[in-house]
Structures are given as structure tokens and as C-alpha cells.
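Trainee: Coordinates for the following, if possible.
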Amino acid sequence: MAITAQMVKELRETTGAGMMDCKKALTEADGNMEKAIDLLREKGLSKAAKKADRIAAEGLVNIEMNAEGNAASIVEVNSETDFVAKNQDFKDFVKDVAQMVLEGDYADVPALLAANHKEGKALQDVLNDRIATIGEKIDVRRFAKLSVDGKVVGYIHGGGKIGVLVQLETSANDEKVVALGRDIAMQVAAMNPKYISRDDVDKDYIAHETEVLTQQALNEGKPANIVEKMVVGRLNKELKEVCLLDQVFVKDSELTISKLVAKVAKEVGADIKVAGMLRYEVGEGIEKKEENFAEEVAKQMK
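Mentor: Have a look, this model is predicted:
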């Protein structure tokens, strides 16, 4: 497979490795981006632990909660520019969508768009009206609704750039539980854990990381008889980063999240379990079209 400059550029941006190293890795991987990333990691050339999603599209994440605090909705609506995302009409539309998700039961985005909006017509028609008024493409990208026997707590960061919901199973009806949920949601927003606990870690993920870390250690020239112990240590360190309950609490380095949960549970006199978490970041995984602003203005003037 021919290795293009764009492929090399993408791999370099993802891993932080040198241009020639990226080209060699892509050649060895026959153009497979994921395999090339693993090869760079094995050789200790990648500065990134894993491939990061590109954050490109604009828009907003919004959360709506029910009065009891045991259910909440989260939605992401995308726009072409950040300017539109700051428009009050756009903000109101996103809030309306989140409220519809909270009050309804929709299988997917098409079902949601077909549902009746408070204006008395389908959400799709309301969306089309907003597009015509604002003059930009707007997409209802994704949504979720969470409920729990306990508390669902939400947190919005960066004016709607990141939204997090956390489910806490508990019999306690205490403001300390809500405060805990907010602290955990802030942790998820900042640290972006992949799993709640080690029990949730996918076996394929463990196998893949073990293989990469083993090859990495061997490539460093470490004796084969100590490689296994090194890999166990490095894997444990990585799991502490990707598992929420193992993470060090960002507001108090003396605590892990699991110790924080146990501490609050003791204070309120009831068990607390982190039953779920959901994190939306605007535009994650969407590659935005890059344009030269000066060239675009010149085109418009012509």
C-alpha cells in the first residue's frame, strides 16, 4: 500500500513520533494506522499511550435532570462554527432536545427527530427551521437517558464542551451523595477513564496491552526472565489511569476515587456504588474540514 504524506502527518499528530519513524511504521504495517501506532509504542517512540479521538466539530452538550434527581438526559448537538454554538436560539434548541429525551423514550436519533416538539411539529421540522434561520448545518448527533435507584448527577464543563453523567446506587437521600456525584463527574470530565473498575476491563484490552508492553520491554533490551514482572507492573500502572475507582482524586491526592466513595458512604451511613458513567465531548471522533480562512474570504470576494 502506498504511504501518503497525509497518513504520515496523521500518525505523527496522533503519536508525537518523528516523521521518518512514522513513515517506517506505516510501511511495516502496510498502511494500517492502528498497527503502526502499536509498532511505535513497542519501540518506545510514541509519546501517546493510545490513539486520541480528534476533537473538531463545534456545538454543545447539554444535560437535563428530573426533580427527584434519579434520572437525567444528555445530548450533543453539533454546529459548523463555535459562533453559532454561542447563539441563544441554538442553546434553547439544545435544551429543548435534552428535555424531550428526559421526558420521552426514544430508540435512536431518527425516532427522536420524528417526535413532536413543543412547537407542535416534529423535531426534524423545528431543526430545519433553525438551520434556515441560522444558515448553518446543525446535527442532533447523539443522546442518552440514565436512571438509577439512587442519584444521577450531571456536570457540564467549558460552557457545554464536555458533559458527564454519573449514576450512584444508594439508599441515602443526602446532599453529600450529590456532592460526591459532582466530584466524580468532574473527575470523569478531567481524566476521561475508560472503565469504572478493573472488573469492567475488557479481556481483549488486557491481552492487547500485555502484548504491546511485552514487546516494548523486549525492545528495550530487558532480560526475558524479568520482562513478565515488568509488564505486570506497567499494566497495573496503566489500569490505575484508565479505571475510575483506581484513579487519584484530582481534588485530593491523598485519596483514590474508591476511597472517596467509601469515605462518603461512611458519613451518610449507607452503601454507595458507582453504577455507571457517561462522558460526551463535543465533536469527539468527528474530523472537521480544515480551511484557510484568508483563502475562504478571498473566494467569497470573488
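
Trainee: can you give me the helices in the protein?
Mentor: Using DSSP state H, the helices of the chain run over 5-15, 19-28, 33-42, 82-85, 88-103, 109-114, 123-134, 175-191, 203-219, 224-242, 257-268, 293-301.

Trainee: how about those, which one is nearest A144?
Mentor: helix 88-103 (7.7 Å; CB to CB). In this view, the C-beta of every residue, glycine as well, is placed from N, C-alpha and C.

Trainee: Can you tell me who the nearest residue to Q99 once chain neighbours are set aside pairs with across the strands?
Mentor: Ranked by CB to CB, 6 or more residues apart in numbering and with sequence neighbours excluded, the top spatial neighbour of Q99 is E64, at 5.2 Å. Beta-bridge partners of E64, counted by DSSP bridges, are S73.

Trainee: Count the neighbours of E64 for me.
Mentor: By the measure other CB atoms under 10 Å, the count of residues near E64 is 20.

Trainee: Ok, the one 5 residues further on next?
Mentor: With neighbours defined by other CB under 10 Å, the count for G69 comes to 18.

Trainee: who are the neighbours in contact with it?
Mentor: K151, V152, V153, V178 (CB atoms under 8 Å, 6 or more residues apart in numbering).

Trainee: Kindly recompute the last result at 10 Å.
Mentor: Residues counted as contacts of G69 (CB atoms under 10 Å, 6 or more residues apart in numbering) are V148, G150, K151, V152, V153, G154, L168, N173, V177, V178, G181.

Trainee: go on, G181?
Mentor: G181 neighbours (CB under 10 Å, 6+ apart): 69, 150-155, 164-168, 170, 264, 272, 274.

Trainee: The nearest residue to K240 once chain neighbours are set aside: neighbouring residues, count only.
Mentor: Leaving aside its sequence neighbours, K240 sits nearest to D246 (CB to CB, 6+ apart; 4.4 Å). Applying other CB under 10 Å, we find 19 residues neighbouring D246.

Trainee: try V177
Mentor: What V177 shows, counting by other CB under 10 Å, is a neighbour count of 23.

Trainee: Excluding chain neighbours, give the residue nearest to it in space.
Mentor: K151 (5.3 Å).
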